[in-house]
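In: 3D model of this:
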Amino acid sequence: MPRPSLVRYTGLAGSALLAGAAYLGGAHQPWEPTVTPRTILAGHNGLALPLLWLFGTGLLIGAWLAGRRAVPSARWVWVTAGLWALPLLPFLPLGSYDAYSYACQGWQQAAGLDPYAGGVDLLGCPWADAVAPTWRAAPAPYGPVFLVLAAVAAKLGGSLTGTVAMLRLIAVLGVAAIGACLPSLARRCGVPVERALWLVLACPLVLTHLVSGTHNDAVMVALLVGGLAVAASGRAWPAGVLFGLAMGVKITAVVALPFAIFLIPRAWWRAGLELAGGAVGALAVVSLGSGLGLGWVGALAESGVSVQWTSPPTAIGMTLELCGVPHAVAVTRVLGIIALAGVLAWLFRRAWRGGDPLLHAGLALAATVLLAPVFHPWYAIWPLAVLAATLRPETRWLAVPCAVAAALCLPDGYNLALATKAQGAVGMTVFVGFLAWKVLHEANRDVDHLRAVRGGADPRLLEP
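Out: From the prediction side, this is the model:
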């Protein structure tokens, strides 16, 4: 077992190296790709930037994975995660230019414009040249809760630097709120509090994409985890309000709401009505109070323009198109949504029949991430924040995908999936096929085992 001090200072070294990468080549104004696989191979911008990113990411991921077996206390986790976050706070965002999209959407909202009516190309923004070209024509795909927060950040910040600093403060407070809610969920599920906190607060995804990248997922996940924690205490209306506010950041929070019904010790229909009433009421108040209404629902369609193999349904479609099947990506994405609906219904049925509602809420979020048309690395934080507090046995299958996702984005946001489209699509398709075969194989073996036991065979003789 590694020593806690070695884990702490190895991760701190990795965070310091990433801070250097943010200083040299983080997302900056105006938008301009600073590091891609091609620029690295050509030797542009020197070797310092890619080496800082590579070794910083490697040390941070290694320390986080090793630390799962070396967590002495919850207080130690808070201190260590804080130390790891500290070097990243003064520098440019890592892993994405989304912070500048947020800043412009907040400026539009503060100026009395409608961010759902168009992108910065149409509505304007004094910092439009910092927004990634992919999103300049797109309206805001976020709910009114986040746009109100972004408007406050723009008013208080004034300049682009000040606005991004305020957005980062909001994200850091969101991460702290997640940490404050996790202990009650972990205790309810019999999971060590210090381990749950470690998996989330010290996760490289959280540090890179929430603390440094300032993604609004910090706010959404904080409200969602808070809603589950309040529901677990038996308070339906306040839990519903928190869920409504989470949906007002990103609508995907809605997939966890039905599972909260089974956390409340009263008739399911009454708990459901109270939760739904609180959620709808909160969302309606913010929508009407901000003057935005429900325009964000239509803007969600713009969020699917990215085509990357990191989404399994998209990867399968890309592979089929490589084989000559036209329009396969559009078809497999629709099939993925249909499959997601079936998985969510199955998980809800399992929870209805007595399964752990918190575990099934986390699995529902994981299914949403895996079967959605688009996957960005920070999306993995949605299920991580719930499953970290509910999984009692080995957590390797949860930690390893998050570690891989943490290494996908270069300092200024270039996704390595873009450089491996064909290879990645085929590899993901093969992997999905293997998993499907594995699940069917295990299911058939369990059925054969059950039939043999019912036929009078000794179960011990049937073990492999």
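In: ok, and for stretch 282-302, which residues are buried?
Out: 282-283, 286-287, 290, 292, 296, 299 (16 or more other C-beta atoms under 10 Å). C-beta coordinates here come from the backbone N, C-alpha and C atoms, glycine included.
In: tell me the mean pLDDT for that stretch?
Out: Per-residue pLDDT over stretch 282-302 has a mean of 81.
In: let the chain start at 20 from now.
Out: Fine by me, first position is 20 from now on; the one you just mentioned is stretch 301-321.
In: which SS class is Val304?
Out: helix (DSSP: H, G, I helix; E, B strand; the rest coil).
In: how about low-confidence regions in the stretch 170-319 of the chain?
Out: Where the stretch 170-319 of the chain drops to pLDDT under 70, the residues are 318-319.
In: alpha carbons only: can I get stretch 158-177 in CSV?
Out: Extracted as CSV, the C-alpha positions of stretch 158-177 are listed here (Å, rounded to 0.1, in the frame of the first residue of the first chain):
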residue,chain,number,x,y,z
PRO,A,158,-27.6,29.2,-29.1
ALA,A,159,-27.0,28.4,-25.4
PRO,A,160,-27.9,24.7,-24.7
TYR,A,161,-28.1,25.3,-20.9
GLY,A,162,-31.0,25.9,-18.7
PRO,A,163,-32.0,29.3,-17.1
VAL,A,164,-30.4,28.5,-13.8
PHE,A,165,-26.9,28.5,-15.2
LEU,A,166,-27.5,31.5,-17.5
VAL,A,167,-28.6,33.5,-14.5
LEU,A,168,-25.4,32.4,-12.7
ALA,A,169,-23.3,33.3,-15.8
ALA,A,170,-25.0,36.7,-16.0
VAL,A,171,-24.1,37.4,-12.4
ALA,A,172,-20.5,36.3,-13.2
ALA,A,173,-20.4,38.7,-16.2
LYS,A,174,-21.7,41.6,-14.2
LEU,A,175,-19.4,41.1,-11.2
GLY,A,176,-16.4,40.2,-13.4
GLY,A,177,-16.7,43.0,-15.9
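In: quick one, what contacts the residue most central in space within the chain?
Out: Among the residues of the chain, the one closest to the centroid is Tyr398, at 2.4 Å (C-alpha atoms, centre = their mean). Residues in contact with Tyr398 (C-beta atoms under 8 Å, 6 or more residues apart in numbering) are 236, 388, 391.
In: can you check Asp148 too?
Out: 48-50.
In: alpha carbons of stretch 224-235, as CSV, please.
Out: Below are the C-alpha coordinates for stretch 224-235, written out as CSV (Å, rounded to 0.1, in the frame of the first residue of the first chain):
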residue,chain,number,x,y,z
LEU,A,224,-11.4,14.8,-14.3
VAL,A,225,-12.8,17.0,-11.6
LEU,A,226,-9.5,19.0,-11.2
THR,A,227,-9.0,19.4,-14.9
HIS,A,228,-12.5,20.0,-16.2
LEU,A,229,-14.4,21.4,-13.2
VAL,A,230,-11.8,23.4,-11.3
SER,A,231,-9.6,24.5,-14.2
GLY,A,232,-12.0,24.1,-17.1
THR,A,233,-14.9,25.7,-15.0
HIS,A,234,-17.5,23.5,-16.6
ASN,A,235,-21.1,24.1,-15.4
